[in-house]
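J.: coordinates for the following, if possible.
(one chain, ligands or ions: 1)
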Amino acid sequence: MTEYTEQQEMLRQTVREFARNEVAPGAAERDATGQFDYDLYRRVGELGVIGLLFPEEDGGSGADLLTYCLALEEIARVDLSLSWTTFVSLAGAHTVAAQGTEEQKALWTKDWVDPVLRGEATTSAGLSEPDAGSDNSRLKTRAVLDGDDWVINGRKIFITNAGLDNNVGVMVLCLTDPETRRYETILVPRGTPGYTIGPPMKKMGLRSSDTRELFFDDCRVPAINRFGVEGEGYQRIMSGFFVGRIVIASTALGLAEECLEIATAYAKERVAFGRPIARFQYVQGMLTDMALNVELGRLIRDKAARLSEAGKPFAKEAAMAKWFITETAKKAADDAVQIFGGMGCMDECPASRYYRDIRAATIGEGTTEIQRYVVGREMGLFR
Ligand SMILES: Cc1cc2nc3c(=O)[nH]c(=O)nc-3n(C[C@H](O)[C@H](O)[C@H](O)COP(=O)(O)OP(=O)(O)OC[C@H]3O[C@@H](n4cnc5c(N)ncnc54)[C@H](O)[C@@H]3O)c2cc1C
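T.: Prediction:
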């Protein structure tokens, strides 16, 4: 069922208008210069998109996951970079609001939650390392308790948002006991001695989304900076991934829909051999496949989000959504470039940017191969 509530449709319309009127006009320029637009991001906060998933008492609007996905989808249709900045930014804020003790909330809500929801600050999540992406058992960043402090040593890589001027810090996944492979999530504020942020990593796409390497050299933070139940940092991060997969799938769905729309419009207008290219069966095939896959993607994304909201198991559906929709979007962007022909390869054609931007989506938040593994595991194929 893909019908949405009246409230969801209203919000979708509001975000769509914002995306068309305020996000789309500068998207190509931000891609060309790699600049992040802080004022625009503040507008995302003002609209309430960032706080959708937060309860009202934490300053949010207590919306459900599907509502949040619909809003992000609209932003992603015109600027995938901005949609990624937006959802990654929740990492730290949500950890503080959802997992923090009263003492931790008193310490960090002011800097890590309130300004993030207003679009005035961002946070980051640091999991991936140079030697450990899909294979988390290779994570090496260590945190050792020394008196009342955690001392962190290690490196993280590909970390979104960490170098933005408005970034308040990173939630770092650290190994605390190599024997039993225990991990903890530890909050490291920006500016903490021993925490260094590398230069921006240059990417093929998503250029106005910030990506950095992070270094921790005897970086010392108080013991209270550890979040959640002791020793369960890894499980917590993994369960967060399931929701993250639905969210990232939603951004890819937005991009795929946009590719379908612009390529269809172009195919109806562009004339070759005396007729619009939309009349050629090979071109039609690209567009009809795109349309089918967008529909199917929406069904599986909605199902995964609704299962999650209902508190039912959704790991398999989240992995299917992430796998199917990001691959669909990658193919949709590729076919959109094909339909635009030579113009599709030019920077001035949005399909060219979508083609570069979407490439990371089948990799970040767990690769396609890992999603397929998860689906197989959930089907009991390894038992
Ligand atoms: C733009 C961008 C933003 C990112 N942002 C963040 C962030 O904010 N925070 C963060 O922590 N990380 C972030 N990442 C990192 C991302 O999560 C990792 O790149 C991803 O998990 C893959 O890890 P890897 O790059 O080490 O590849 P690897 O794990 O080395 O994989 C290489 C290849 O081997 C395949 N492979 C590995 N294991 C298996 C297996 N068991 N079966 C089949 N195939 C396998 C993979 O599918 C892939 O094709 C980001 C990445 C990108 C590109």
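J.: from now on I want contacts and neighbour counts done on CA atoms only, so please keep to that.
T.: Fine.
J.: longest helix in the chain, by number of residues?
T.: Scanning the chain for the helix with the most residues, using DSSP state H, yields helix 233-269.
J.: do me a favour and get the end-to-end distance for stretch 340-359?
T.: Using Cα to Cα, to the nearest Å, the gap from the first to the last residue of stretch 340-359 comes to 19 Å.
J.: now it, how far from the centre of its chain.
T.: Going by Cα atoms, centre = their mean, to the nearest Å, the spacing between the C-alpha centre of stretch 340-359 and its chain's C-alpha centre is 21 Å.
J.: buried ones in that stretch, by neighbour count?
T.: Within stretch 340-359, the residues that count as buried by 16 or more other Cα atoms under 10 Å are 340, 344-345, 350-359.
J.: now do the longest helix of the chain: which elements does it pack against?
T.: helix 65-78, helix 80-88, strand 182-189, strand 275-276, helix 281-309, helix 315-340, helix 350-357 (3 or more Cα pairs under 8 Å, 6 or more residues apart in numbering; DSSP states H and E).
J.: please identify which of those is closest to the ligand.
T.: Shortest separation from the ligand across the helices and strands packed on helix 233-269 is recorded for helix 80-88, at 6.5 Å, computed as Cα to the nearest ligand atom.
J.: got a list of contacts for whatever helix or strand comes next after the closest one?
T.: Once the chain leaves helix 80-88, the next helix or strand it forms, by DSSP states H and E, is helix 90-99. Around helix 90-99, the neighbours that count as contacts under Cα atoms under 8 Å, 6 or more residues apart in numbering are 50, 54, 58, 104-105, 108-109, 112-113, 116, 122-125, 169-171, 187, 227-228.
J.: let me know the angle separating helix 90-99 from helix 233-269.
T.: Using axes from the mean of the first three to the mean of the last three Cα atoms, to 10 degrees, the direction of helix 90-99 lies 130 degrees away from that of helix 233-269.
J.: list the buried ones in helix 90-99?
T.: Under the neighbour-count rule (16+ other Cα under 10 Å), helix 90-99 has 90, 91, 92, 93, 94, 95, 96, 97 buried.
J.: redo these as CSV? Include pLDDT and distance to residue 264.
T.: Converted to CSV, the buried residues of helix 90-99 look like this (pLDDT from 0 to 100; distance: Cα to Cα, whole Å):
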residue, pLDDT, distance to residue 264
90, 89, 35
91, 88, 36
92, 91, 40
93, 93, 40
94, 90, 39
95, 91, 42
96, 93, 44
97, 91, 43
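J.: tell me the one of these nearest the ligand?
T.: Using Cα to the nearest ligand atom, these come closest to the ligand at residue 91, 8.9 Å.
J.: how far is the longest helix of the chain from where the chain is centred?
T.: Relative to its chain's centre, helix 233-269 lies at 9 Å (Cα atoms, centre = their mean).
J.: same check, this time on stretch 220-230
T.: Centroid separation for stretch 220-230 versus its chain: 25 Å, with Cα atoms, centre = their mean.
J.: just the CA trace of it, in CSV.
T.: Coordinates of the C-alpha atoms in stretch 220-230 are reproduced here as CSV (Å, rounded to 0.1, in the frame of the first residue of the first chain):
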residue,chain,number,x,y,z
ARG,A,220,41.0,12.1,26.3
VAL,A,221,37.3,12.6,27.1
PRO,A,222,35.5,12.1,30.4
ALA,A,223,34.0,8.7,31.2
ILE,A,224,30.5,10.1,31.0
ASN,A,225,30.9,10.6,27.2
ARG,A,226,30.2,6.8,26.7
PHE,A,227,26.6,6.3,25.6
GLY,A,228,24.1,3.4,26.1
VAL,A,229,24.3,0.1,28.0
GLU,A,230,27.9,-0.8,28.7
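J.: need the helices and strands packed on helix 233-269 in a markdown table with distance to residue 153, can you?
T.: What follows is those, written out as a markdown table (distance: least, Cα to Cα, whole Å):
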| stretch | distance to residue 153 |
| --- | --- |
| helix 65-78 | 35 |
| helix 80-88 | 23 |
| strand 182-189 | 12 |
| strand 275-276 | 61 |
| helix 281-309 | 35 |
| helix 315-340 | 32 |
| helix 350-357 | 32 |
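J.: could you dump those to CSV with mean pLDDT?
T.: Written out in CSV, the entries for these read as follows (pLDDT from 0 to 100):
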stretch, mean pLDDT
helix 65-78, 98
helix 80-88, 97
strand 182-189, 95
strand 275-276, 98
helix 281-309, 98
helix 315-340, 98
helix 350-357, 98
